[in-house]
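# A predicted structure for the sequence below; I have some questions about it.
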Amino acid sequence: MPAASRLVNELRELRWSHVLVELLLLVVGILVALAVDGWIDDRRDARTERQYLERLQRDLDRNVAILDEFISFEERQTADGIRAYRALRGVDDDDREEIAAALGHLAHRRTLWLVRATYEDLLSTGNLGLIRDATARDGVVRLYQEVERTTAVIDRNNMVLVDQMYGLPLLDSGLVAPRFTTNVPGILVEPLSELQSRIGLAVDPAQDRLWTLAVDAPERVRLANRVLRRTIVSRTSQSLAQALRVEVESARAEIARALGQPISSGSQVVTER
């Protein structure tokens with residue numbers, strides 16, 4: 001029998017119902033496998049998303065503490081600047097040692113550096129899209145854009161208006177001797193105290209040339225103007241940090257909501273604008 005005839009006969013005898021059943025089972029198996037894979041991927045993405053949100057939450061908690069410390073520092077600097085400026089203008093200069101110390105404090109400054117490791121990880125890995133809550137995701141992006149802008153402004157002011165236009169001229173003027181005190185918390189206090197102890201020479205406020213100058217003497221007037229400008233820098237930095245803290249609290253509240261957590265009373269307060 002020719003091969004063509006034999007093939008026709010075999011096709012006639014084939015049970016098409018069985019073929020269709022097997023084909024259907026194959027298709028269903030593929031679909032089930034795809035569904036299971038999708039379910040596993042969704043579960044994995046949801047778990048990764050939650051881990052990122054929790055890490056972002058920890059970063060923002062740390063940033064609140066950093067901002068609170070920075071704001072407190074700039075408030076102390078502002079208070080010292082006000083007192084020093086009034087003394088230089090001939091008002092409230094009864095404690096010359098404290099005024100000299102305040103002038104020295106104003107030569108110190110702090111760099112504002114916030115924690116952003118998790119956000120940079122999200123960007124570098126392309127995982128930002130894993131955060132499905134658009135409000136929380138956009139809030140984090142907006143926050144760190146504002147962080148970059150604010151820290152750039154503060155750093156520029158510190159470098160130009162604090163270091164170059166106040167700190168170096170004060171040192172070069174010789175109007176007051178450097179003191180061993182600072183408004184910078186923690187790390188500098190003990191080393192400065194230890195250095196003063198090793199030097200073993202007390203600073204006499206009466207030897208500061210500043211107090212031999214009349215209130216309207218050009219050197220004293222220039223210093224007063226520098227102090228005022230320096231004080232404005234601290235007050236501006238404080239204001240910028242306070243505004244940034246509001247943004248951090250707002251982002252924290254959105255992340256807490258995305259995690260299904262109750263929003264703390266502090267977050268509720270600061271997000272009311």
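Looks like it arrived, so ask away. Residues are numbered from 1 along each chain as shown.
# right, and residue 57 touches residue 255 too?
Yes. Counting by CB atoms under 8 Å, residue 255 is a contact partner of residue 57 at 5.2 Å. Glycine gets a C-beta too; all of them are placed from N, C-alpha and C.
# which one of these two has more residues nearby?
Taking neighbours as other CB atoms under 10 Å, residue 57 and residue 255 compare with residue 255 leading, 27 against 18.
# And the pLDDT at residue 35?
As predicted, residue 35 sits at a pLDDT of 66.
# Same question for the one 5 residues further on.
Turning to residue 40, the model gives it a pLDDT of 59.
# ditto for the one 4 residues further on
Reading off the confidence values, residue 44 has pLDDT 71.
# same deal with residue 19?
59.
# now the helices: where do they sit in the stretch 151-273 of the chain?
Secondary structure of the stretch 151-273 of the chain by DSSP state H, counting those that start in this stretch: the helices cover 168-173, 189-199, 218-258, 265-270.
# right, so the ones you listed: which one is the most enclosed?
helix 218-258 (a mean of 19; mean count of other CB atoms under 10 Å).
# Counting by contacts, list what that one packs against.
Packed against helix 218-258 by the contact rule (3 or more CB pairs under 8 Å, 6 or more residues apart in numbering; DSSP states H and E) you find helix 16-88, helix 134-157, helix 168-173, helix 265-270.
# Next, the residue lying closest to residue 178 once chain neighbours are set aside: secondary structure please.
In this structure, residue 178 finds its nearest non-sequential neighbour in residue 104, 5.7 Å apart by CB to CB, 6 or more residues apart in numbering. On the three-state scheme (DSSP: H, G, I helix; E, B strand; the rest coil), residue 104 is labelled helix.
# The residue nearest to residue 188 when sequence neighbours are not counted: what's it in contact with?
In space, and not counting its chain neighbours, residue 188 is closest to residue 182: 5.0 Å by CB to CB, 6+ apart. Contact analysis of residue 182 by CB atoms under 8 Å, 6 or more residues apart in numbering lists 104-105, 108, 188-189, 192.
# Look up how far residue 80 lies from residue 182.
10 Å (CB to CB, to the nearest Å).
# which residues do those two both contact?
residue 105.
# Dead centre of the protein: give me the residue that sits there.
Nearest to the mean C-alpha position of the chain, counting by CA atoms, centre = their mean, stands residue 114 at 2.6 Å.
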